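[1] Build me a model:
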Amino acid sequence: MNEPVISEPMTWKEICERYPDEWIALVEIDWVNDTDFDFRSARIASHGKGRKEPMTQAEPLWGRYDEIGHYFTGQVRALCLHWSSCEGHGFNPNASLIIVYAMV
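    Residues are numbered from 1 along each chain as shown. This is a model prediction of the structure:
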């Protein structure tokens with residue numbers, strides 16, 4: 001599989017405008033700090049309508065990147081049944097993105 005073409009650095013707002021309601025894989029994430037999910041900019045490694053598609057497309061990049069972020073640019077459709085079950089998992093029911101990390 002060929003490596004995907006990586007975008008220029010983009011803000012979250014720019015990413016959402018370019019890829020509305022899509023799953024995206026991000027690399028070169030410029031984090032605001034080490035404890036939150038906010039970032040200044042990131043590069044799009046791949047994107048798609050399905051949850052698995054961008055991470056499958058980004059597989060060849062694991063040799064170059066220690067971290068690939070997996071985000072959804074649309075509205076969150078599922079919430080925890082009880083907020084207490086989400087505590088400590090970094091889930092904000094008012095947020096418009098979901099983050100999943102794959103560690104190597």
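[2] what about this protein, any weak spots by pLDDT?
    Scanning the chain for pLDDT under 70 picks out the ranges 77-104.
[3] Any idea which residue is closest to the centre of it?
    With distances taken as CA atoms, centre = their mean, Y71 lies nearest the centre of the chain, 2.5 Å away.
[4] sec struct for that one, please.
    strand (DSSP: H, G, I helix; E, B strand; the rest coil).
[5] now do W62
    Once three-state DSSP is applied, W62 turns out helix.
[6] for Q57, same thing?
    From three-state DSSP, the assignment for Q57 is helix.
[7] Pull the number of nearby residues for it.
    By the measure other CB atoms under 10 Å, the count of residues near Q57 is 18. All C-beta spots, glycine's among them, are computed from the backbone N, C-alpha and C.
[8] swap in E14?
    Neighbourhood size, E14 [other CB under 10 Å]: 15.
[9] Spell out the residue ranges of the helices in this structure.
    Secondary structure of the chain (DSSP state H): helices at 12-18, 53-58.
[10] Can you tell me which of those is packed in deepest?
    Neighbour counts (mean count of other CB atoms under 10 Å) averaged over each of the helices of the chain peak at helix 53-58, with a mean of 20.
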